[in-house]
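> Sequence first, then the predicted structure:
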Amino acid sequence: MQRIINEPSLVVEDMLKGFERCHKDIIHIDDDNPRVVISNFAKDKKKVGIVTGGGSGHKPAFVGYCGKGMVDAVAVGEIFSSPTAKSFYDCIRAVDQGMGVACLYGNYAGDNMNVKMAMELAEDDDIQVKVVVANDDVASAPKEDIKKRRGVAGEVLMWKVGGAKAEQGATLDEVIRATQKAIDNTRSVGVGLGPCTIPANGKPNFAIAEGTMEFGIGHHGEPGIRIEKLASATEIAKEMVSLVVEDLPFTNGDEVVALVSGLGATPVMEQYIFFDEVAKNLDSLGISVYKSYVGNYFTSLEMNGVTLTLMKVDDELKECMDAEVETMGLTQLRRT
């Protein structure tokens, strides 16, 4: 294992120190809990608070989406592990302004358990908390068991919609409704070409043989649905688009936001090659791309591979996606 680190067991702590030092104009770390990252803009105006959290190793997720117009506070876990209930609770308490808090997170057992406990603590403080749980990964469970699916890169779009809606002055119920609509209309799938190594373990947490790819792999190295011979970008895109489009289903005339994310080791050059093939496939199906994102938006340490996320949009979701945002992971000006 060749890494630019100090102590393998302290990589999260060391990362957070550097993250705060670099992005002190956007975020700060809570004085009482070093695993809570808070937006400097969280209380610029009275609004619904937006909270998320998850394991480390997915940069820029999760802390990279804390800032103006997106997430107000992030609970930080160990690598590939849920944050504690206390960290989720401290996030909720830090951003509540009397309008309630929307907790928007991915569908993982540890997160579900700890968010539930955090909500019970918040209830004792008379803080109203409602949740939306991302389950966009089509490969992680069949459609009839959709509530068992994992949340992956679709969470980025969920946070964008939720943050924008809160900035508009929406009520907690309105934020939850729009954000739930966003994730209900979002589907993702990933393909892995190479494994990753958790620093504290010092060895890859799974194996992918040379010349093969794992279709449907999860962000923590969870097994995919099949292993195939490594194909061209054209063939990979066709297979991934087919799986995602047929699941919702997306249909002729739909407009979508398309997000292609590298998993950590995939050069951005290759991500653009892949996106071009995705766009050509969507064109052939009569599905138009309203807005697109290509880059490392939701990674898995140094895993090699990509994820594809599509979200069907209406006028409300378009407005939320076009809204201004300033975070480390995503910054954009409003479309005119």
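Thanks, I have it. Numbering: from 1, shown residues only.
> CA atoms for contacts and neighbours, from now on please.
Fine.
> And the helices in the stretch 151-300 of the chain, which stretches?
Ranges of helices in the stretch 151-300 of the chain, per DSSP state H, counting those that start in this stretch, are 154-167, 172-184, 233-247, 268-284.
> what's the offset of the last one from the middle of its chain?
Read it as helix 268-284. 21 Å (Cα atoms, centre = their mean, to the nearest Å).
> avg pLDDT for that helix?
For helix 268-284, mean pLDDT is 98.
> What helices and strands are in contact with that helix?
Counting contacts by 3 or more Cα pairs under 8 Å, 6 or more residues apart in numbering; DSSP states H and E, helix 268-284 packs against helix 233-247, strand 255-262, strand 288-295.
> same check, this time on the first one
Helices and strands touching helix 154-167, as assessed by 3+ Cα pairs under 8 Å, 6+ apart, comprise strand 49-56, strand 101-106, strand 129-134, helix 172-184, strand 186-194, strand 304-312, helix 315-322.
> Could you break the chain into its assigned domains?
Segmentation of the chain into domains, based on automatic domain parsing, reads 10-184, 186-312.
> Comparing the ones you listed, which comes out most buried?
domain 10-184 (a mean of 21; mean count of other Cα atoms under 10 Å).
> Sketch out the low-pLDDT regions of this protein for me.
335-336 (pLDDT under 70).
> who touches R149 in this structure?
Contact partners of R149, counting by Cα atoms under 8 Å, 6 or more residues apart in numbering, are N107, N135, D136, D137, V138, A139, S140, A141.
> Kindly report the same for V71.
V71 touches S39, I50, V51, T52, Y65, W159, K160, G163, counting by Cα under 8 Å, 6+ apart.
> gap between the residue lying closest to it once chain neighbours are set aside and H23?
Distances taken as Cα to Cα, 6 or more residues apart in numbering put I50 closest to V71, at 5.1 Å, once the chain neighbours are dropped. Distance, I50 to H23, using Cα to Cα, to the nearest Å: 19 Å.
> hmm, back to that, who wins for proximity to V325 among the helices of the stretch 151-300 of the chain?
Ranking the helices of the stretch 151-300 of the chain by distance to V325, with Cα to Cα as the measure, places helix 154-167 first at 8.1 Å.
> Turn the contacts of V71 into CSV, including distance to L308.
Shown next, in CSV, are the contacts of V71 (distance: Cα to Cα, whole Å):
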residue, distance to L308
S39, 28
I50, 25
V51, 24
T52, 21
Y65, 19
W159, 17
K160, 17
G163, 22
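> ok, those vs L259, which is closest?
Among those, and counting by Cα to Cα, the member closest to L259 is K160, at 12.4 Å.
> quick one: the closest residue to that closest one other than its chain neighbours from E235, how far?
Take K160 and drop its neighbours on the chain: the residue closest to it by Cα to Cα, 6+ apart is M70, 5.4 Å away. Distance of M70 to E235, given as Cα to Cα: 35 Å.
> and what of A182?
Counting by Cα to Cα, the gap from A182 to E235 is 28 Å.
> circling back: so which of the helices and strands packed on helix 268-284 gets nearest E277?
Once the helices and strands packed on helix 268-284 are compared by Cα to Cα, helix 233-247 is nearest, at 5.6 Å.
> Identify all contacting residues around the closest one.
Helix 233-247 is touched from outside by 138, 143, 187-190, 251, 273-275, 277-278, 281-282, 308-310, with contacts defined as Cα under 8 Å, 6+ apart.
> Now do it and helix 268-284, the angle between them.
Counting by axes from the mean of the first three to the mean of the last three Cα atoms, to 10 degrees, helix 233-247 lies at 50 degrees to helix 268-284.
> Cool, thanks, talk later.
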